[in-house]
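Engineer: got a structure for you, letters missing:
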């Protein structure tokens, strides 16, 4: 068997190899150590779960057929735990049948590798799984940063998919429209319009319709009526999304609660033109 040379692409990623066969476990560990990984072995599912409770691993290689707890049950328990929800799990199986592969994915496995183990292929599959997991974590961190920024700015995003006219919206948009403790139906443009002030609905409906049919973007300020009775003023900006044939396939927008800013501007106008004590027009008025 040939072993891959050490690669600095994934510096000392921590792996856990779980296999009740000592020979196959040793082969896998040796292959991965030659690939530049820090590897720990476990001979049973119970030992693997104990190690996961006391250590942090970047990836798990888990044998399917083991006494007591098989790989499927171990993977299921790992996914149910807080510390194992996102760790990549590669299932090691000699079964190589569709049912086993499907069940591996059902219990939350990231991928599977068939036996007998090829050392070079195993190291490459591990590196690929680690890179994919890192990319997914980066996307999640970016999404969380965006949600925090939207929360600070009282801003939410939405998308209208065409031609189905299916609408989706961010959690922050729901808070802007309905307050945090009230559910909001944002599955369609019509349901969202129900929260818009009656006088502003025609203008908003026309603007969204033009964006969907003609690809015209827009900027609008309109009023929202929350179910808790709190009126809000929002600023909305939307653009059309086109495919490679220049056909409009979606409309994307952001909606920001600007109520505080509008009220502050009104207050400034009041102070500039009216006496604060008497309420009468001043010389500037």
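Structural biologist: Nice, I can see it. Computed from a prediction, not measured in an experiment: that's the story for all the values here.

Engineer: Can you give me the buried ones in the longest strand along the chain?
Structural biologist: Ordering each strand of the chain by length in residues (DSSP state E) puts strand 231-242 first. Residues of strand 231-242 classed as buried: 232, 233, 234, 235, 236, 238, 240, 241 (neighbour count, 16 or more other Cβ atoms under 10 Å). For glycine as for every other residue, the C-beta is placed from the backbone atoms N, C-alpha and C.

Engineer: Please report how far the third one lies from residue 78.
Structural biologist: As defined by Cβ to Cβ, to the nearest Å, residue 234 lies at a distance of 44 Å from residue 78.

Engineer: The second one now?
Structural biologist: With distances taken as Cβ to Cβ, residue 233 is found 48 Å from residue 78.

Engineer: just the fifth one next, same as before
Structural biologist: Applying Cβ to Cβ, one obtains 44 Å for the distance of residue 236 from residue 78.

Engineer: wait, is residue 66 part of a strand?
Structural biologist: No: assessed with DSSP: H, G, I helix; E, B strand; the rest coil, residue 66 is coil; it does not lie in a strand.

Engineer: Just to check, it is in contact with residue 46?
Structural biologist: No: counting by Cβ atoms under 8 Å, residue 66 does not reach residue 46; the two are 9.6 Å apart.

Engineer: Look at the two and report which has more neighbours.
Structural biologist: Comparing residue 66 with residue 46 by other Cβ atoms under 10 Å, the one with more neighbours is residue 66, at 22 against 13.

Engineer: In contact with the more buried one, which residues?
Structural biologist: Applying Cβ atoms under 8 Å, 6 or more residues apart in numbering, one finds that residue 66 lies in contact with 18, 19, 20, 44, 45, 74.

Engineer: Residue 218 too?
Structural biologist: 207, 208, 210, 211, 236, 237, 238.

Engineer: right, and out of the residues you listed, which lies closest to residue 191?
Structural biologist: residue 208 (13.0 Å; Cβ to Cβ).

Engineer: What helix or strand is the residue nearest the centre of the chain located in?
Structural biologist: In the chain, the centroid-proximal residue (Cα atoms, centre = their mean) is residue 140; its distance is 5.0 Å. Taking DSSP states H and E as the criterion, residue 140 maps to helix 119-152.

Engineer: Show me what counts as buried in whichever helix or strand comes after that helix.
Structural biologist: Per DSSP H and E, the first helix or strand lying C-terminal to helix 119-152 is strand 155-161. Using 16+ other Cβ under 10 Å as the test for burial, strand 155-161 gives 155, 156, 157, 158, 160.

Engineer: For the stretch 151-285 of the chain, which segments count as helices?
Structural biologist: Ranges of helices within the stretch 151-285 of the chain are 171-178, 189-193, 201-214, 259-273, based on DSSP state H, counting those that start in this stretch.

Engineer: So the closest residue to residue 81 other than its chain neighbours versus residue 242, what's the distance?
Structural biologist: Spatial nearest neighbour of residue 81, excluding adjacent residues (Cβ to Cβ, 6 or more residues apart in numbering): residue 52 at 7.3 Å. According to Cβ to Cβ, residue 52 stands 47 Å off from residue 242.

Engineer: Might you list the low-confidence residue ranges for the stretch 51-200 of the chain?
Structural biologist: When residues are selected by pLDDT under 70, those of the stretch 51-200 of the chain lie in 95-97, 179-184.
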